[in-house]
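Undergrad: Take a look and give me a structure for this.
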Amino acid sequence: MVDPQHTEPGTSPTHDYRHAVLVGADFSGHDLDGADFTCADLTGATFTGATLRGADLRGAILQDARLDRAVMTRADFSGADLRGADLSGADLREASTARADMTGAVLTNADLRSADLSGADLTESILTDTRLQGANLSRVALTAADLSGSDLHRTRLDGAELTDVTWVGAHTAAIAVFHARSAAHQMTGSALQNIADTLEPDQYTQQVGPAIEHARAAGIDVTAPHTDYTPPPISWA
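TA: Prediction:
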């Protein structure tokens, strides 16, 4: 186990770890606000309960790392390797994981409000009870991800891959997927069907109905072009 130097809890040292090899390092509970971990190898490192506000982790290797309960508001994980990482209970408000590989990552109870996850790979990730209000998940791969109980109010899902996503108890999932549909996106119809199957008909209609009427009033085409799936009747005009 690597013991990182100059990182005693409660101190405010300079944290420059660019390109450092810190495999298995233990930063639990440490104050790392503004730290620079650009392209560092942090495979299996532990950041449980640490603070990383505004930290730079672009291109860092964090495979199987523990970041549970860490405070990482406005941190930048763009292009990072977060495969299998544990981010449960983490505060990632306004953080960026754009283009990061988050395959199999655990984000249960994480706070991702207004975060930028655009282009990230979240295949088979666990986002149960996750706060995603206002988050950008455009072009995100969510194949076989579990979003049960998550809050998708104002979440962007345009261009996202939504095959086999679990939506049980997800808040405003239907409206988020409805707004994401486009002629180039094949899977929104089946995703809406999947959501509809988990909701009571009245609840589903209540979510999607006003969006359809608003689109019609604005003269927007609300058909489902180029899809092989038959969506629920309320989904399209």
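
Undergrad: and the spatially closest residue to residue 163 that is not a sequence neighbour, what is it in contact with?
TA: Nearest in space to residue 163, with sequence neighbours left out and distances taken as CB to CB, 6 or more residues apart in numbering, is residue 143 at 4.8 Å. From N, CA and C alone the C-beta is placed, and that goes for glycine too. Neighbouring residues of residue 143 by CB atoms under 8 Å, 6 or more residues apart in numbering: 123, 124, 161, 162, 163, 164, 165.

Undergrad: just checking, the first one touches residue 142?
TA: Just to be clear, that refers to residue 123. Yes: here residue 123 reaches residue 142: they are 7.3 Å apart, a contact under CB atoms under 8 Å.

Undergrad: any weak-confidence spans in this structure?
TA: The chain contains residues with pLDDT under 70 at 1-14, 182-187, 220-237.

Undergrad: list the helices and strands the longest helix seen in the chain packs on?
TA: The residue-count maximum for a helix in the chain (DSSP state H) belongs to helix 201-217. In terms of contacts (3 or more CB pairs under 8 Å, 6 or more residues apart in numbering; DSSP states H and E), helix 201-217 is packed against helix 173-180, helix 188-198.

Undergrad: Report the inter-axis angle for that helix versus helix 188-198.
TA: 150 degrees (axes from the mean of the first three to the mean of the last three CA atoms, to 10 degrees).

Undergrad: Name the residues of helix 201-217 that come out as buried.
TA: Buried residues in helix 201-217, counted by 16 or more other CB atoms under 10 Å: 204, 205, 207, 208, 212, 215.

Undergrad: Also stretch 134-150?
TA: 134-143, 145-150.

Undergrad: residue ranges of the strands in this protein, please?
TA: For the chain, no strands are identified by DSSP state E.

Undergrad: who are the neighbours in contact with the residue most central in space within it?
TA: In the chain, the C-alpha nearest the mean C-alpha coordinate belongs to residue 117, at 5.5 Å (CA atoms, centre = their mean). Going by CB under 8 Å, 6+ apart, residue 117 touches 96, 97, 98, 100, 102, 135, 136, 137, 140.

Undergrad: gap between the second one and residue 142?
TA: By that I understand residue 97. According to CB to CB, to the nearest Å, residue 97 and residue 142 sit 13 Å apart.

Undergrad: same question, the fourth one
TA: In this view, residue 100 and residue 142 are 14 Å apart by CB to CB.

Undergrad: swap in residue 93?
TA: Per CB to CB, residue 93 is found 20 Å from residue 142.

Undergrad: just residue 39 next, same as before
TA: Taken as CB to CB, the span from residue 39 to residue 142 is 27 Å.

Undergrad: Could you count how many residues lie near residue 200?
TA: Neighbours of residue 200 under the rule other CB atoms under 10 Å: 9.

Undergrad: Spit out the contact partners of residue 80.
TA: 57, 58, 59, 60, 61, 62, 97, 100, 101.
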